[in-house]
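**Q** predicted model follows, preceded by the sequence.
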Amino acid sequence: MLRFFKISGCFLLTLCCALICFIPGTEVNAQQGREGESDPPALRLDEGVMELETPQFNFRLVRSSQTVAGLQPKGADGFDFTPSGELENRDENGFYHLGDLTMRLRMEGSKQWQEYSTAEDREPVNSIDVSGNTLAAADLGPTFSWDMPLDVTRYWEIDNSNLVLRFELTNNTDQTIEIGALGMPMVFNNILSGKDLDTAHAVCSFYDPYIGRDAGYLQVTRLNGHGPALLVVPNGKTPFEAYKPLNEDRTQRGITFEGFYEWMVHSKAFAEDEWSSAEPWNPPSSEILEPTQSRSYSVKFLLSDSIRNIEQTLTDNDRPVAVGLPGYVLPMDQQGHLYLKHSSDVQWIDVEPTGSLVLSEQGTTPNGWKAYAVRGREWGRSRVTVTYEDGLKQSINYKVIKPETQVVDDLGRFLTTVQWYDNPDDPFNRTNSVISYDYGTSEKVTEDNRAWIAGLSDEGGAGAWLAAIMKQLVQPEKEEIEKLEQFVDDVVWGGLQYSEGEQKFAVRKSMFYYEPEEMPEGTYNSDVRYGGWSSWDREEARSVGRSYNYPHVAALHWVMYRLARNHEGLVTNHSWDWYLERAYQTGEAMVDHAPHYAQYGQMEGTVFLLILKDMQREGWTEKAKALESTMRERAEVWRSLGFPFGSEMPWDSTGQEEVYAWCRYFGFDAKAQVTLNAILGYMPTVPHWGYNGSARRYWDFLFAGDLSRIERQLHHYGSGLNAIPVLTEFRDNPEDMYLLRVGYGGVMGAISNITQDGFGPAGFHAYPSTLRIDYYSGDYGPGFFGHAVNTGTYLVEHPKFGWHAFGGNLHSDGDWITVKPLDSARSRVYLASVGLWLTLDSGKFETVSINSSSGDVQVELASSTGHTPVAKLNVEQPADLDGVGSYDVVGDYEREREAYFIPLKAVNTVVELSD
């Protein structure tokens with residue numbers, strides 16, 4: 001009998017809107033169409049649409065505005081990249097469509113910018129007769145305000161079978177005009193509102209930018225991850241300079257709609273005003289039009305048959321392409337590589353700040369890629385600008401960080417000192433805990449209207465201590481572990497997690513609550529805006545029905561089990577089996593006490609599979625079968641659904657991690673592939689550290705951030721979590737380098753926002769007015785969970801670029817290829833050429849070598865430490881590769897719990913493997 005409700009697949013739109021509306025400080029767009037007395041239908045849809053066709057698209061324009069009414073790729077069964085189904089709901093002034101234009105202009109001698117928009121007060125445009133490769137054209141003068149000083153004509157054209165949108169601007173005044181901002185609204189169908197999950201995955205898209213100036217592009221990918229993918233690229237000199245949220249659009253933004261964006265060709269006017277406090281991705285520009293002078297701006301629409309072939313499609317259409325390996329988050333001790341391909345040669349390369357990166361030319365590959373070695377020298381953001389001989393400029397944004405081990409060491413220290421909360425008089429029993437932190441004010445967050453943030457639970461409150469415990473999995477530190485033992489005994493067991501009674505093992509929603517009538521005067525700060533649903537009272541805080549709180553506590557117990565079981569003297573307050581028992585019981589309690597939300601995939605839900613596997617290795621047969629049965633009930637429900645990726649929210653990008661794990665474990669391979677494809681639909685790889693491997697999240701700042709608003713979040717916790725299934729799939733299919741690039745981008749994204757002094761923020765704000773980390777620690781922890789259980793070093797032979805290391809540096813000597821792991825854990829190495837996955841339960845890898853001819857493998861283990869006298873090596877081969885035998889360790893070593901026990905010495909130990 002199932003212990004939870006079957007997923008309905010319906011959107012909880014009313015609930016989600018209510019959740020947003022009661023959070024103080026939330027920035028949402030309150031305007032929407034058809035509410036009360038409506039404006040005239042500015043699009044005049046009753047006048048009909050123009051049915052057009054290109055070799056790749058069935059294409060429709062609204063007759064009165066000549067904006068897009070439909071953009072359907074041929075052969076895609078009527079799929080439309082634009083929100084054509086919403087056209088009648090979005091036909092008033094203030095609703096933007098593909099083909100609109102926004103500008104800020106000023107006349108010579110003026111300091112004030114004037115704004116102009118084709119959508120603010122629509123009037124029918126003046127159609128122009130066309131012929132040849134022009135499909136439609138119009139004078140846009142009537143739809144601008146009366147004082148528009150430029151003549152603007154829009155053309156829809158065909159160029160080499162591709163659709164082109166072109167604007168021609170002419171200065172017919174006798175004064176010089178400066179174009180300080182020019183934006184082209186990119187309106188595609190990311191409106192999820194009112195759709196069930198099957199419908200949303202069938203008809204909706206997400207889109208992400210490569211803000212790369214002349215080489216920039218926008219990729220529009222279907223929610224289901226299937227092809228075709230749409231690419232919007234510059235046509236002529238139309239750089240992608242900035243990416244602006246189109247908050248002027250009246251479509252209701254919220255959980256089911258992130259909002260639209262503008263491709264900004266020029267952004268100087270914004271950089272001088274609203275964006276003046278932010279460091280832009282690219283230098284802001286403007287354009288000067290002298291009297292009688294004209295300037296054209298245009299973009300081209302390309303189709304790629306699949307997401308994996310986006311770069312090939314760009315190359316085929318003579319677009320500059322950049323590939324950074326292993327990615328664009330670059331630790332200072334690791335060697336990066338950059339490959340450039342364009343029909344025009346590189347003229348020069350600039351780096352800003354000067355010296356932050358060093359590029360060394362390494363010639364040209366046999367297939368025509370210009371190769372560079374890249375080393376990070378200065379912490380922080382770094383922009384590489386490539387100027388080609390044809391005049392095009394391409395920008396590539398890197399983030400240089402400390403060596404990974406230092407980054408994680410800094411994080412652990414910050415969490416267990418600066419964020420350590422020691423207040424014996426705390427009325428909420430939170431003393432001896434890692435608590436939320438406000439980096440902007442340099443203060444612990446002991447109060448918040450959102451009770452969970454100060455309450456050590458939910459993602460926004462558990463995030464800090466979860467990161468602290470997951471840090472110990474990759475870099476255990478005795479002093480930090482001692483504090484976490486206090487946390488377990490003083491706060492978690494018997495506090496956050498019930499230790500007795502009918503609710504034993506259940507997890508409460510928050511330690512903090514708002515009960516001003518019952519608490520002593522002065523408990524609550526009057527400056528905090530308490531009130532609304534988010535200020536939980538005592539009863540609500542003590543409830544146990546929220547399943548998302550359980551994986552955090554399960555992960556705490558599981559890591560403490562691993563530390564106690566695999567090391568000597570690191571954990572002393574309880575035995576290893578005490579912790580494993582609680583990890584197991586927490587999983588069972590989640591389904592027993594929180595059945596409604598347990599129907600969904602959980603963020604960090606992979607931990608339950610890790611717990612199960614350890615129980616199996618320990619010989620806990622009956623309990624392992626019980627947990628397996630519990631999880632199978634959930635997975636059977638997911639198997640029955642088309643797209644089982646909801647949560648308490650209508651659509652989500654965190655449940656996929658656990659859904660993939662269990663579907664794969666139980667052999668539901670078709671559903672695992674559906675899950676993987678969906679992840680690839682919202683997790684891009686582009687030459688920009690902020691977007692590369694950044695899984696789409698856009699509402700969590702409302703619930704766990706300091707700056708609370710709907711926006712594309714860069715390397716929020718979805719990056720680290722979604723990297724788990726992507727890299728798992730790569731280890732099964734090591735020929736698919738796209739998976740490695742996406743997954744590794746997510747792993748590195750999870751640590752990219754950690755500050756120089758070790759603060760782990762909720763995420764990075766993508767708004768061009770901000771472009772900085774959020775100042776709350778918030779829900780950072782789940783992302784670091786993804787990093788901790790998934791980080792490793794990957795040695796691959798790339799079909800285009802040869803031997804490369806992801807997470808380390810390599811050296812070759814004849815047939816021997818050696819990698820020195822430099823990832824944060826140094827306990828996992830994957831040799832892709834033979835599909836060999838080597839992991840250590842204890843100990844560290846110093847080097848791993850493979851003979852490219854014989855396939856023999858040599859492992860060098862770091863010397864022993866006081867807590868780690870034995871290395872425990874696991875040998876797995878997840879990929880079934882032709883011609884590769886079964887690897888085994890050479891020598892007579894004890895095996896226990898599937899691992900080889902290798903005694904360590906005061907010097908490094910060398911172990912050989914062969915097949």
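**A** Alright, I've got the coordinates. Numbers count the residues shown, from 1 in each chain.

**Q** ok, the residue nearest to Leu140 when sequence neighbours are not counted - contacts?
**A** Excluding the flanking residues, the one nearest Leu140 by C-beta to C-beta, 6 or more residues apart in numbering is Val152, at 4.4 Å. For every residue, glycine as well, the C-beta is placed using N, CA and C. If you count contacts by C-beta atoms under 8 Å, 6 or more residues apart in numbering, Val152 has them with Leu101, Asp139, Leu140, Gly141, Phe144, Phe167, Glu168, Leu169, Thr170.

**Q** of the residues you listed, which belong to strands?
**A** Mapping the contacts of Val152 onto strands (DSSP state E) picks out Asp139, Phe167, Glu168, Leu169, Thr170.

**Q** filter the contacts of Val152 to the buried ones?
**A** By neighbour count, with 16 or more other C-beta atoms under 10 Å, the contacts of Val152 hold Leu101, Leu140, Phe144, Phe167, Glu168, Leu169, Thr170 as buried.

**Q** okay, and the beta partners of the nearest residue to the third one once chain neighbours are set aside?
**A** In space, and not counting its chain neighbours, Phe144 is closest to Tyr116: 5.3 Å by C-beta to C-beta, 6+ apart. The residues listed as beta-bridge partners of Tyr116 by DSSP bridges are Met103.

**Q** what is the burial count for Tyr116?
**A** Other residues within reach of Tyr116, judged by other C-beta atoms under 10 Å, total 22.

**Q** distance of it relative to His557?
**A** In this structure, Tyr116 and His557 are 60 Å apart, going by C-beta to C-beta, to the nearest Å.

**Q** rewinding a little: residue contacts, the residue nearest to Phe144?
**A** Thr102, Met103, Arg104, Leu105, Phe144, Ser145, Met148.

**Q** redo that, cut-off 7 Å
**A** Thr102, Met103, Leu105, Phe144, Ser145, Met148 (C-beta atoms under 7 Å, 6 or more residues apart in numbering).

**Q** got a pLDDT number for it?
**A** According to the prediction, Tyr116 has pLDDT 98.

**Q** Pro41 now?
**A** On pLDDT, Pro41 comes in at 83.

**Q** how about it: what's its closest non-neighbour residue?
**A** Nearest non-adjacent residue to Pro41, counting by C-beta to C-beta, 6+ apart: Asp91, 4.6 Å away.

**Q** in the helix ranked longest in the chain, what's buried?
**A** In the chain, ranked by residue count with DSSP state H as the criterion, the top helix is helix 621-640. Using 16+ other C-beta under 10 Å as the burial criterion, the residues of helix 621-640 that qualify are Lys623, Ala624, Leu627, Glu628, Thr630, Met631, Arg634, Ala635, Val637, Trp638, Arg639.

**Q** now for the next helix or strand after it, which elements pack on it?
**A** Using DSSP states H and E, the helix or strand that follows helix 621-640 in sequence is helix 655-665. On a contact count with 3 or more C-beta pairs under 7 Å, 6 or more residues apart in numbering; DSSP states H and E, helix 655-665 meets helix 606-618, helix 621-640, helix 669-682, helix 718-732.

**Q** point out where the chain drops to low pLDDT.
**A** 1-40 (pLDDT under 70).

**Q** recalculate using a threshold of 80.
**A** Judged by pLDDT under 80, the chain has its weakly predicted residues at 1-40, 646-648.
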